[in-house]
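Trainee: I would like the atomic coordinates for the input below:
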Amino acid sequence: MHGYVTDPDAPGGLRFADDLPEPTPVDDEALIEVRAVAINRGELFLLQLRDRDWRPGQDLAGVVVRPAADGSGPGEGTRVVCIAEGAGWSERIALPTDVVAPLPDEVSFEQAAALPIAGLTALRALRVAGPILGRRVLITGATGGVGQFAIQLALAGGAEVSAQVSAEDRAPLASRLGADPVVTDLDDEGLGPFDLVLDAVGGPVLKAAIGRLAPGGTVATYGNLAGEASLSFRDFAAAPLAKMVGFFHAHPQETRGEDLRTLARMTGDGRLVPQIGSVRSWEELRGTVEAMREREVRGRAVLTVG
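Mentor: Numbering: from 1, shown residues only. The predicted model follows:
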């Protein structure tokens, strides 16, 4: 079987192998033929940290070629979206059926592959403060992979959405997705107060966002692109009883499949549009990884398999 493994001696630290073992599903796993994968920015760091012969790949879409033996999950031939712990950059993968969700006919494999980690992060982070109907939500790093989904999902949930972006040339995308206002910094005293902040940036942006919280508001932080933030209780002076939550997309683990189904359904009916910046063959995976490192790809980077 073909697929990618880490190899410090190969170009870009990745080797395209032709001798990988075929997956052997256990009773609650379905065998998936992979049709498309997406690269997450977090995987760029993992590629530098992992040992030789580690198999990357978390976001994927494909077709069930062998249903789970225990009868759970979708049947043979079902088009699916999946989230994996790794080994997704390969021709086939065995996955527990609770991380697999069927796709509506209207959703392409490329769109589906763009959904899992970024979409789950946005969906689940928006839930940390409870219902958002009529609430004010601020999304930092709003044109990143998570931010683009978060804007759309927050609007679908009835929130008033403001966005912070890193540069003026990124503002039009956030505006097209429906955020208003869109700013490059949080200095304007007229911003907020916000009931919920979704922060991908960290550093000074996180500190400034806390200063725009409403009393009892919540910050869900899931990134630190700008580095660590130096905080004290005084930063919460304008927002008594506010709280900050360190957020990770994988929790709760038992509902990942259900949440993937929600994202796929919303994509199918047009409420959620994955912003895909690059679609290439997986033979160009190493070049795509390098383009992402150089920030030449805006939106999700997707590769077709086969």
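
Trainee: Excluding sequence neighbours, find me the nearest residue to F149.
Mentor: In space, F149 comes closest to A122 once its chain neighbours are excluded; the distance is 3.8 Å by Cβ to Cβ, 6 or more residues apart in numbering. C-beta: built from backbone N, CA, C; applies to glycine.

Trainee: That neighbour - how many residues pack around it?
Mentor: Residue crowding around A122 was assessed by other Cβ atoms under 10 Å; the count is 27.

Trainee: Go ahead and list the helix or strand containing it.
Mentor: Element membership of A122 [criterion: DSSP states H and E] is helix 116-126.

Trainee: send the alpha carbons of that helix over as PDB?
Mentor: Provided in PDB are the C-alpha atoms of helix 116-126 (Å, rounded to 0.1, in the frame of the first residue of the first chain):
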ATOM      1  CA  PRO A 116     -12.600  17.700  10.600                       C
ATOM      2  CA  ILE A 117     -10.100  19.300  12.900                       C
ATOM      3  CA  ALA A 118     -10.700  23.000  11.900                       C
ATOM      4  CA  GLY A 119     -14.500  22.400  11.800                       C
ATOM      5  CA  LEU A 120     -14.700  20.500  15.100                       C
ATOM      6  CA  THR A 121     -12.500  23.100  16.800                       C
ATOM      7  CA  ALA A 122     -14.800  25.900  15.700                       C
ATOM      8  CA  LEU A 123     -18.100  24.100  16.400                       C
ATOM      9  CA  ARG A 124     -17.000  22.900  19.800                       C
ATOM     10  CA  ALA A 125     -15.400  26.100  20.900                       C
ATOM     11  CA  LEU A 126     -18.600  28.000  20.200                       C
END
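
Trainee: so where's the longest strand in this protein?
Mentor: As far as residue count goes, and with DSSP state E defining each element, the longest strand of the chain is strand 29-39.

Trainee: Nearest residue to the spatially most central residue of the chain in space, please, no chain neighbours.
Mentor: When Cα atoms, centre = their mean is applied to the chain, the residue found nearest the centroid is A118 (0.9 Å). Spatial nearest neighbour of A118, chain neighbours left out: G145 (3.9 Å); criterion: Cβ to Cβ, 6+ apart.

Trainee: sorry, back to before: how much distance is there from the helix or strand following the helix holding A122 to the middle of the chain?
Mentor: Reading on from helix 116-126 to the C-terminus, the next helix or strand found by DSSP H and E is strand 136-140. For strand 136-140, the gap between its own C-alpha mean and the chain's C-alpha mean amounts to 17 Å (Cα atoms, centre = their mean, to the nearest Å).

Trainee: Return the alpha-carbon coordinates of strand 136-140 using PDB.
Mentor: Only the C-alpha atoms of strand 136-140 are listed here, as PDB (Å, rounded to 0.1, in the frame of the first residue of the first chain):
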ATOM      1  CA  ARG A 136     -21.700  39.000  20.800                       C
ATOM      2  CA  VAL A 137     -18.800  36.800  19.600                       C
ATOM      3  CA  LEU A 138     -15.300  37.900  18.700                       C
ATOM      4  CA  ILE A 139     -13.100  35.600  16.600                       C
ATOM      5  CA  THR A 140      -9.400  36.300  16.400                       C
END
